[in-house]
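*Asks:* Structure of the sequence below:
(2 chains)
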Amino acid sequence: MSKRVFPARVVIALLVFAGRAWPQLVMGQYEDEAPLRSWNTQGIALAPSLACGGAGIAAAWDASAVLVNPALACALPRFTVSVSVSHLSASLMRYSVLNTGVLSTPGPLTDRSYGVDFGGLAVRFGTWAFAASADLAENYGRPLLEYRTEAQGAPVYSIRVEQTGWLRSFNLTAARTISRRLDVGLGFRVLRGELERTIEETFAADGVLIDDGRRQAFSGFCWNAGLTYAFSSRVSGGLVFRAPFVKKASSRSLLEYRVPSSGTNIAIAADEQDRYEQPWVAGAGISWRPTENLRVVSDVRFTKWSSYKATSFGEPKERDFRDVWTAAVGVEYLSSYRMFGRNVRSPLRVGIAFDPQPMKIPNSTYVYLTFGSGLAMGRLRIDVGAAVGRERGSGDGLSARRVAMTLSYDLGSNQP
Amino acid sequence: MRKLLFPVLVALCVLPARVPALPPVPDEPVEIVSVAATEGNLRVLAEMRADVLKSAAGRVHIVATAGDLGRLSAQGVPFSVETARFAPARPVAISAAGGINGEFHSYRELEADLKALESAHPRTVKLFEIGTSLEGRHIYAVKISDAPERDEGEAGVLFLGCHHAREWISVEVPLLFARYLAESAETDAAVRDLVGRSEIWIVPLVNPDGLEYSIDVYRYWRKNRRANTDGSFGVDLNRNYGYMWGTDDAGSSPSPLSETYRGPSAFSEPETRAVRDLFLRGDFRAVISYHSYSQTILYPWGYADVPTEKDDLLRGIGLEMAGLMKAVNGRAYACGQSASSLYVTNGDTTDWTFAASGIPSYTVELPPVDVEHGGFFNAGEEIDGVFRENLPAMLSLARRAVISPEGAGIARREKYRHAVLSTERRNGTLTKPRQEYK
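*Replies:* Now for the predicted structure:
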């Protein structure tokens, strides 16, 4: 995924800004290892699901459905391939050195990124179905911070803080139709990623350079399982479970104090193994078709965040998290018409999602309004979805947006 | 090659001798055993002058050598070996190895080491929690005495570290001193005598929240982690004490954004209140607060360039300490009155301790000497050397203060101390000591 971070000039704390201030260990949503936009990342939502509030436990639109519920591989056409690109933006008020005492801004800064975030395929052989995919599960980027002072044109002091990072997952899924009503599935995910944070500080008048560089390489493995049950031809439900797992990190750090003029070079290098003990997630969803053209989908998910544990360079970190329930509801209306002499199906989707964050202070929840549409001509479908979220609780008025465009190609019907 | 052999052997023999060695650890194995606390058994223990560790639940625990065990057996006293239930007696492992803070201690590493020190030396070391920081961390004080669990009313000496978060070396020196005293009290008669006649209190980390922020987020963080009302963070703990607090804006700042923000009121911070309350409870005869950098020994006053009534005494002791430090490895520490030697500071620790009790109160700015040589950074390899060059001065001040305080002219002003206590009770904070002691 190509990523671009928009630099933000930050002013040293000369501005008095409104809003509550929390002690250092409660940065709010954005600890260094926090994914951009939300801690609650069970599986990436592509355009159709995103437009329906992110609901996707009982409804399959594309090959990404198996990330949340592996049993949905049986509900996809005989062959499905999907690719997605997305644009993500999120505003942050407090992270790293920003608004924690070193650098301050009167309002939040925004980080933006875009690129390919999913590619995968799913196939069915009789009662069996299989899927394989790769996706960008989490983004650890932060807005770039740069500040410098000059006196009579000469540099006096500068600081530059940069953090980038991502977590990719590679997924394999197997699912089977047990009966006319029941499908079950099991998924395996291999995780790989990295996080890099650098703080470069220069005291030009004294000729002092301080570099604080930290890099973590992530690896992990987890499994998830799910089932779908068709209560009737119009109503189906799903249950999912993602097992707890450990995201391991090989962490390296180099803190250097250098004064080139005197040859002083003091360095502290560290090489540690860290663990991020991720919680288990369970969820239930429903898909209801009141008419042939109308579908209502809804999910609730529970994440056992109180069991989350993290270490940083060998030391346990304070993350006083609470368990979290998230919920999403979406409505899809399918319209059909003729274009260029061909039958075209075009869904309209709207939804809403509630996304509480796990930290206890501040008590922060994002509410997303989502919408989207699409176009299906023959075997090719293109969907666009967007989610616009506003955060309540921190007092900082944070916002988050995601826009996704998904291209899918499938063969065969949706029913085995 | 043979030509090189002799000088190398000589060097190997000579070099270690130049460094003051920690006391040797006796090789004689010991066990911790318990015997039933019967009259007969107690008589046997008394006759053999057993080293009693504790008495609880009808049993007496003693530290026993092989000879002691033989005597117990000979006397027909049944005993149970309990060694495995106690922490290893020695050596105390140092937790602060590696990590992003290198050889320096984080809060958790320090906590682990202090607890290990207490477990290893229960007869001389007692760990106290004297307060809690804003973010809920304990502020630990180590009491080193011959009966640390009891308040014997002995003269005390107080060593403080890390008021300022980025001054990592200021945690290490008092911590190593605690370790030195605990270990030496078992093997060195002079240290045993000092510990037996005094209460040496060591608070190696006054500002745990700030230290953690300095390690995790921003190395140059100085203040504590107070969330100020304007959205900024931190109060300079060494400007938050009660004597001449905020007397002008040169020695501290009223602006929360400032590195020297003195806080909304004297002793507004739990960290300084913890030190204050400890100080007022004890009978302290001398104080050193460790900082870095600049290699300077500072004494009151800091709030203004005026001498105290004990200026000669303070300068004399300070110069003596500087001489002891230099004798170790040649590193020179300057010595002078705080306001004139460094810069004006009001509300600092040692102005308050001196105003409150008239005892010798020093701020020791540890190495390096300037920013060109590291500023607030020290290499991990420097820690031991910095401690060893400070050790003779620490011992000298402690001996002077507790063994012959009257003769040395550093007795505590009891009358004034009582006035301070009554002020505390009335107002909750000590902001304006009596005029006569300015």
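*Asks:* Show me what the strand or helix carrying A:Val344 is packed up against.
*Replies:* Here A:Val344, judged by DSSP states H and E, is contained in strand A:342-356. When contacts are defined as 3 or more CB pairs under 8 Å, 6 or more residues apart in numbering or on different chains; DSSP states H and E, strand A:342-356 sits against helix A:47-51, strand A:324-339, strand A:365-377, strand A:380-392. Every residue, glycine included, has its C-beta placed from N, CA and C.
*Asks:* Quick check: the closest residue to chain A within the stretch 201-350 of chain B vs B:Glu135, distance?
*Replies:* Residue nearest to chain A within the stretch 201-350 of chain B: B:Phe233 (3.3 Å; CB to the nearest CB). According to CB to CB, to the nearest Å, B:Phe233 and B:Glu135 sit 11 Å apart.
*Asks:* More neighbours: these two, which one.
*Replies:* B:Phe233 (28 against 21; other CB atoms under 10 Å in any protein chain shown).
*Asks:* can you tell me which residues contact the nearest residue to that one once chain neighbours are set aside?
*Replies:* Closest residue to B:Phe233 apart from its sequence neighbours, by CB to CB, 6 or more residues apart in numbering or on different chains: A:Gly101 at 3.3 Å. By CB atoms under 8 Å, 6 or more residues apart in numbering or on different chains, the contact list for A:Gly101 reads A:Ala13, A:Gln24, B:Tyr213, B:Tyr218, B:Trp221, B:Lys223, B:Arg225, B:Ser232, B:Phe233, B:Gly234.
*Asks:* Tell me the secondary structure of A:Gly101, please.
*Replies:* In three-state terms, and counting by DSSP: H, G, I helix; E, B strand; the rest coil, A:Gly101 is coil.
*Asks:* what does the one 5 residues further on give?
*Replies:* Three-state assignment for A:Pro106 (three-state DSSP): coil.
*Asks:* what about it, distance to chain B?
*Replies:* According to CB to the nearest CB, to the nearest Å, A:Pro106 and chain B sit 9 Å apart.
*Asks:* Pull up the per-residue confidence for that residue.
*Replies:* A:Pro106 is assigned a pLDDT of 90 by the prediction.
*Asks:* cool, and the one 4 residues further on?
*Replies:* Turning to A:Thr110, the model gives it a pLDDT of 95.
*Asks:* burial count for it?
*Replies:* That count, for A:Thr110 with other CB under 10 Å as the rule, works out to 17.
*Asks:* That one in helix, strand or coil?
*Replies:* Classified using three-state DSSP, A:Thr110 is strand.
*Asks:* and it, what are its bridge partners?
*Replies:* Assessed by DSSP bridges, A:Thr110 has beta-bridge partners A:Ser91.
*Asks:* Verify the contact between it and A:Pro143 for me.
*Replies:* Yes - using CB atoms under 8 Å, A:Thr110 makes contact with A:Pro143 at a distance of 6.5 Å.
*Asks:* looking at the helices and strands packed on strand A:342-356, which is buried most?
*Replies:* Across these, the average number of neighbours (mean count of other CB atoms under 10 Å in any protein chain shown) peaks for helix A:47-51, which reaches a mean of 32.
*Asks:* Who are the packing partners of it?
*Replies:* In terms of contacts (3+ CB pairs under 8 Å, 6+ apart), helix A:47-51 is packed against strand A:324-339, strand A:342-356, strand A:365-377, strand A:380-392, strand A:399-411.
*Asks:* Would you mark the buried spots in the last one?
*Replies:* So the one you mean is strand A:399-411. For strand A:399-411, a neighbour-count test (16 or more other CB atoms under 10 Å in any protein chain shown) marks A:Ser399, A:Ala400, A:Arg401, A:Arg402, A:Val403, A:Ala404, A:Met405, A:Thr406, A:Leu407, A:Ser408, A:Tyr409, A:Asp410 as buried.
*Asks:* For the stretch 251-400 of chain A, give me the ranges with low pLDDT.
*Replies:* Nowhere does the stretch 251-400 of chain A drop to pLDDT under 70.
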